[in-house]
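K.L.:
predicted model follows, preceded by the sequence.
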Amino acid sequence: DTGVSQDPRHKITKRGQNVTFRCDPISEHNRLYWYRQTLGQGPEFLTYFQNEAQLEKSRLLSDRFSAERPKGSFSTLEIQRTEQGDSAMYLCASSQGGAIGRKLFFGSGTQLSVL
Amino acid sequence: DQQVKQNSPSLSVQEGRISILNCDYTNSMFDYFLWYKKYPAEGPTFLISISSIKDKNEDGRFTVFLNKSAKHLSLHIVPSQPGDSAVYFCAGESRGGADGLTFGKGTHLIIQP
């Protein structure tokens, strides 16, 4: 169990630029989640994949955000035309799903700062 | 609309004593609850969970209690240790779990020597 891996750990960008984050889930997990956390708040759900299918998207996920999970393995989260309000910790999590796999395993996150 | 509420932003407890962290929820569709622990610059780490069909779950020093009628759960840590100092998040999940977990804002637990 190598855990959930996220890259990069930190990203500083200028307003209006595009950024992309990568997440590698635990290999046997078929569910993958993206969350966002801002200071003083708990993680907020953004989107969820079961294998390669994106099954749920939060209202928080504006049109500037897009997530993919090709071949049901790693996932990418892209933010286009970044805004200062996008500054947050972006967390990826994975789980086995089903009755026995309801707990999520989180990566260390990508801290995004938009200047 | 905050579906999971942790009303104490911080809690200070002396080492060796019991720490009690509280959580209230409003969503009746939640049927599974989890507690996560988070250190700075790290992702949340799973601590303990409880199904809505139970009222107590214990794992070593950690016990979670669920009162469904009051829509309240609590996490007890006994005895508290310095390494327990962290932010603790309560989370609920609906049947089917399609929306993932809904988290509270967290309680910062500080264990004093």
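P.N.:
Right, received. Where do you want to start? Numbering: from 1, shown residues only, chains lettered A, B, ... in the order given.

K.L.:
so the residue nearest the centre of chain A bridges to which residues?
P.N.:
Residue closest to the mean C-alpha point of chain A, counted by CA atoms, centre = their mean, is A:Trp34 at 3.0 Å. On the basis of DSSP bridges, A:Trp34 is bridged to A:Thr47, A:Cys92.

K.L.:
from what I can see it touches A:Ser75, true?
P.N.:
Yes. Taking CB atoms under 8 Å as the definition, A:Trp34 is a contact partner of A:Ser75 at 7.3 Å. No exception for glycine: its C-beta is placed from N, CA and C like everyone else's.

K.L.:
got any residues that touch both of the two?
P.N.:
Shared contacts of A:Trp34 and A:Ser75, defined by CB atoms under 8 Å, 6 or more residues apart in numbering or on different chains, are found at A:23, A:67, A:92.

K.L.:
among those, who's most crowded?
P.N.:
A:Cys92 (30 neighbours; other CB atoms under 10 Å in any protein chain shown).

K.L.:
ok, now which ones touch that one?
P.N.:
A:4, A:6, A:21, A:23, A:25, A:32-35, A:75, A:77, A:106-107, A:109.

K.L.:
and it, what's its pLDDT?
P.N.:
You'll see A:Cys92 listed with a pLDDT of 97.

K.L.:
separation between it and B:Cys90?
P.N.:
21 Å (CB to CB, to the nearest Å).

K.L.:
can you list the strands that the one helix or strand in chain A whose mean pLDDT sits lowest pairs with?
P.N.:
Ranked by mean pLDDT, DSSP states H and E, the weakest helix or strand in chain A is strand A:53-57, scoring a mean of 87. Paired neighbours of strand A:53-57 in the sheet (DSSP bridges): strand A:44-50 (antiparallel).

K.L.:
in chain B, what spans have low per-residue confidence?
P.N.:
B:96-99 (pLDDT under 70).

K.L.:
residues from it in reach of chain A?
P.N.:
Residues of chain B lying close to chain A by CB under 8 Å from any CB of the partner chain are B:4, B:9, B:32, B:34, B:36, B:41-46, B:49, B:89, B:91, B:93, B:97-106.

K.L.:
mind listing the helices in chain A by residue range?
P.N.:
Listed in chain order, chain A contains no helices at all (DSSP state H).

K.L.:
residues contacting residue 107?
P.N.:
Chain wasn't specified; assuming chain A. Taking CB under 8 Å, 6+ apart, we find A:Gly107 in contact with A:3-6, A:23, A:91-93, B:43.

K.L.:
look at chain B instead
P.N.:
B:Thr107 neighbours (CB under 8 Å, 6+ apart): B:6, B:8-11, B:21-22, B:87-88.

K.L.:
for the residues you listed, give me TSV that also has distance to A:Ser87.
P.N.:
Compiled in TSV, these are given as follows (distance: CB to CB, whole Å):
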residue	distance to A:Ser87
B:Gln6	23
B:Ser8	27
B:Pro9	21
B:Ser10	24
B:Leu11	28
B:Leu21	28
B:Asn22	30
B:Val87	19
B:Tyr88	24
